[in-house]
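**Q** Here is my input, please return the structure:
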Amino acid sequence: MNAYLLLVVIGLFYGSIYGLGALGLVLTYKTTGVFNFAYGAVAMFCAYVYWQVHDSWHVTAWVALPLLLLVVAPLVGAICEALFRPLAGLSAEIPLAVAIALLALFEGGAGLLWPHQNGSFETVIPTSTFKLGSLYVGWDQLGTLVILVLAGVVLWLSLRHTRFGTATRAVVDNGALSSIIGVNGASVRRTAWAISSMFAGVVGVLISHTQGLNNYNLVLVVLASFTPAVIARLTSFPWAFGSALGMGVLMNVLDKWRATGWVANLVSAIPWILLFGALVVLGGKLKEAGVSVRPMGGGGVSDSFSGAGRRTGGPVQRPVALGVVAFALAVLLPAMVSGSDVYDLTYGAIWALIAVTLVVLTGWAGQISLCQFSFVGIGAFAIGHLAGAHGGNFVGATVAGMVIAVGASIVVGGAAVRLKGLFLALATLAFALIMDYAVFQTVGISGGFSGMLDSRPRLFGVSFASTTSLYELSVCVLGVVLAAAFFLSRGPVGRRLRILRDSPLAASTLGVNLTVTKLVTFAACGALAALGGALYGADLRSINPYNFQFSESLELLLLVVFMGRTRLTAAVLGGLVATEQLFFPNPTITTAVNFGVALGVIGLGRNPEGTIAIAFQEARRTLSVMRPRPRRPLELGSLLVQPRTGVHSGV
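**A** Modelled structure (predicted):
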């Protein structure tokens with residue numbers, strides 16, 4: 001009995017971490033309508049700052065902690081509020097992309113500022129134990145729980161019994177009316193962001209002594225706070241508080257039977273299983289806050305491979321000609337570069353193939369996906385199991401991986417039927433992390449973190465074992481997929497996807513079956529991502545779960561959004577950017593490139609069509625200005641012609 005009580009106490013300790021994070025998420029969503037995907041990164045960044053001040057500069061905790069919570073965290077909150085303020089009222093896709101970019105920005109910034117710091121962290125609360133009845137409880141566990149309770153009570157009381165709480169309710173209920181009655185909505189939002197960032201800072205400091213200063217682990221632990229926040233429908237502080245404690249206890253009690261293998265992985269995935277289940281169950285009851293405007297549709301500029309601009313019904317000769325020239329240059333490229341560079345270019349071509357699935361799914365159909373690399377992993381591990389030592393069964397293994405990916409896609413698409421915007425993104429996030437923990441870490445599926453070997457293809461007796469031959473195969477597959485997507489986009493399929501994105505209600509009125517369209521789109525893009533995964537695994541040769549982590553899907557989304565989410569050209573250029581190691585074989589440079597892409601996505605803000613559309617618009621504007629003048633001026637009289645006889649008016 002005492003053992004179970006101890007498990008409950010320790011579970012409350014972990015639940016308090018999730019609860020404190022959930023309170024911050026609910027606070028910002030209630031007051032601003034923004035779900036802060038970057039919350040875990042804010043906590044991670046605050047933990048690094050505290051380590052720098054306290055552990056590296058040896059400033060006492062009595063100074064370092066107030067400095068973090070009263071200066072650094074509110075400053076981070078003010079930056080977040082300034083970034084999201086212009087996005088108020090827009091569809092969830094736009095602030096979501098900016099929040100993910102902010103997450104990457106904090107992670108990249110930590111990697112650049114503290115490139116080699118990944119070690120221990122001196123705890124704020126002593127880890128020694130004391131006896132409570134017949135139990136030995138850690139001071140850090142009790143202290144964290146007390147901090148959560150105090151923070152929750154103070155926040156709840158302030159929202160119910162102070163002028164700040166009254167102003168917050170006014171801003172949430174009717175932002176336009178609140179300004180009339182004298183409530184400063186901007187001040188309320190800034191205060192909410194500051195308090196939320198302070199909560200994130202506390203969470204980051206408290207968990208760092210157990211997780212270490214590891215960027216990915218710190219972010220994921222705080223992301224688990226998404227689950228109680230969603231269970232509370234992003235509105236109720238008591239529900240967020242209680243469900244967080246319950247989740248912590250559940251995970252710790254189940255951990256008692258944690259042995260090895262798949263069961264252990266399943267226990268680790270509990271927060272994401274609960275999140276996915278909560279989203280499916282709540283479904284249509286979840287409403288996005290403050291959304292009044294749909295995102296912009298296809299770009300107004302038509303370019304080669306665009307397939308989504310306003311001129312999609314126009315002539316295709318020029319785009320096709322440009323595509324043929326680009327394909328010919330790509331095929332001839334191995335003759336111009338070295339063998340190691342061909343390997344990198346193969347990676348870029350395969351990456352572009354995977355990016356096409358996101359352009360179609362998110363850019364054209366408006367279905368946000370944060371799990372595309374999960375389908376890539378399915379295809380890659382299918383090759384490892386079924387292709388054979390020399391790739392003789394590569395086609396059969398690829399087809400098997402695509403079929404499995406279709407089944408997994410239908411699971412995600414089933415959730416998409418009842419969800420949209422922010423909540424669809426959360427469902428795909430949960431699915432990706434379930435795959436990361438419960439599937440890809442299972443030794444029988446992936447070989448564990450030691451991984452497995454993938455063979456190079458052997459198709460119809462022809463071996464593609466060499467780097468150059470695999471590159472040629474990848475470019476040919478990419479070319480076929482781009483051509484098929486381009487022509488589909490200009491026909492009934494493209495029109496159906498665009499109307500699904502821009503106006504689902506109008507689509508259903510016109511007879512478009514939304515359920516079937518969403519399921520088919522998810523299934524087709526999942527199968528295509530698995531095809532890319534088959535080539536991806538063949539290119540890498542040695543694969544492991546790290547190659548298909550959730551962070552890879554985020555990087556894919558950011559790069560496609562940065563280039564232009566509705567354009568097939570964005571997939572190709574994104575593949576070129578993904579091969580930055582071809583030009584800068586340095587991890588720091590790679591981190592800097594990712595940092596720059598994140599900055600670019602944030603900078604685009606209200607112009608989500610990406611850099612390609614902006615570049616074409618600026619090019620057209622420049623060309624119109626630089627157009628040569630007529631050689632001789634025309635007289636006014638020569639322009640006035642009689643409509644029938646052609647006789648000049650005689651002016």
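**Q** Next, the buried residues of the host helix or strand of residue 623.
**A** Assigned by DSSP states H and E, residue 623 belongs to helix 610-626. Across helix 610-626, burial judged by 16 or more other C-beta atoms under 10 Å covers 610-613, 616. Every residue, glycine included, has its C-beta placed from N, CA and C.
**Q** what is the mean pLDDT for it?
**A** Looking at helix 610-626 alone, the average pLDDT works out to 74.
**Q** Which strands and helices lie in contact with that helix?
**A** If you count contacts as 3 or more C-beta pairs under 8 Å, 6 or more residues apart in numbering; DSSP states H and E, helix 610-626 packs onto helix 550-563, helix 568-578, helix 587-604.
**Q** quick one: the first one to chain centroid distance?
**A** When C-alpha coordinates are averaged (C-alpha atoms, centre = their mean, to the nearest Å), helix 550-563 and its chain have centres 6 Å apart.
**Q** ok so, going back, so which of the helices and strands packed on helix 610-626 gets nearest residue 503?
**A** helix 550-563 (21.6 Å; C-beta to C-beta).
**Q** Quick one: work out the angle between the closest one and helix 587-604.
**A** Relative orientation of helix 550-563 versus helix 587-604 (axes from the mean of the first three to the mean of the last three C-alpha atoms, to 10 degrees): 50 degrees.
**Q** what angle separates helix 550-563 from helix 610-626?
**A** Using the same axes, to 10 degrees: helix 550-563 against helix 610-626 is 10 degrees.
**Q** Return the alpha-carbon coordinates of helix 550-563 using PDB.
**A** Output in PDB follows, covering the C-alpha atoms of helix 550-563 (Å, rounded to 0.1, in the frame of the first residue of the first chain):
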ATOM      1  CA  PHE A 550       8.600  14.900 -34.800                       C
ATOM      2  CA  SER A 551      11.200  17.700 -35.200                       C
ATOM      3  CA  GLU A 552      11.800  16.600 -38.800                       C
ATOM      4  CA  SER A 553       8.200  17.200 -39.700                       C
ATOM      5  CA  LEU A 554       8.400  20.700 -38.100                       C
ATOM      6  CA  GLU A 555      11.500  21.500 -40.100                       C
ATOM      7  CA  LEU A 556       9.700  20.300 -43.300                       C
ATOM      8  CA  LEU A 557       6.700  22.500 -42.600                       C
ATOM      9  CA  LEU A 558       8.700  25.600 -41.800                       C
ATOM     10  CA  LEU A 559      10.800  25.300 -45.000                       C
ATOM     11  CA  VAL A 560       7.700  24.800 -47.200                       C
ATOM     12  CA  VAL A 561       5.900  27.700 -45.600                       C
ATOM     13  CA  PHE A 562       9.000  29.900 -46.000                       C
ATOM     14  CA  MET A 563       9.300  29.100 -49.700                       C
END
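**Q** what's that helix packed up against?
**A** So helix 550-563, by 3+ C-beta pairs under 8 Å, 6+ apart, packs with helix 93-113, helix 339-358, helix 372-386, helix 421-434, helix 568-578, helix 587-604, helix 610-626.
**Q** sorry, back to before: could the helices and strands packed on helix 610-626 go into JSON lines alongside mean neighbour count and mean pLDDT?
**A** Output for these, formatted as JSON lines (neighbours: other C-beta atoms under 10 Å; pLDDT from 0 to 100):
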{"stretch": "helix 550-563", "mean neighbour count": "24", "mean pLDDT": "89"}
{"stretch": "helix 568-578", "mean neighbour count": "24", "mean pLDDT": "87"}
{"stretch": "helix 587-604", "mean neighbour count": "17", "mean pLDDT": "78"}
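**Q** With distance to residue 624 as extra columns, can I get these in JSON lines?
**A** Below are the helices and strands packed on helix 610-626 laid out as JSON lines (distance: least, C-beta to C-beta, whole Å):
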{"stretch": "helix 550-563", "distance to residue 624": "24"}
{"stretch": "helix 568-578", "distance to residue 624": "22"}
{"stretch": "helix 587-604", "distance to residue 624": "24"}
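**Q** Which one of the ones you listed lies nearest to residue 384?
**A** Closest among the helices and strands packed on helix 610-626, using C-beta to C-beta: helix 550-563, at 17.5 Å.
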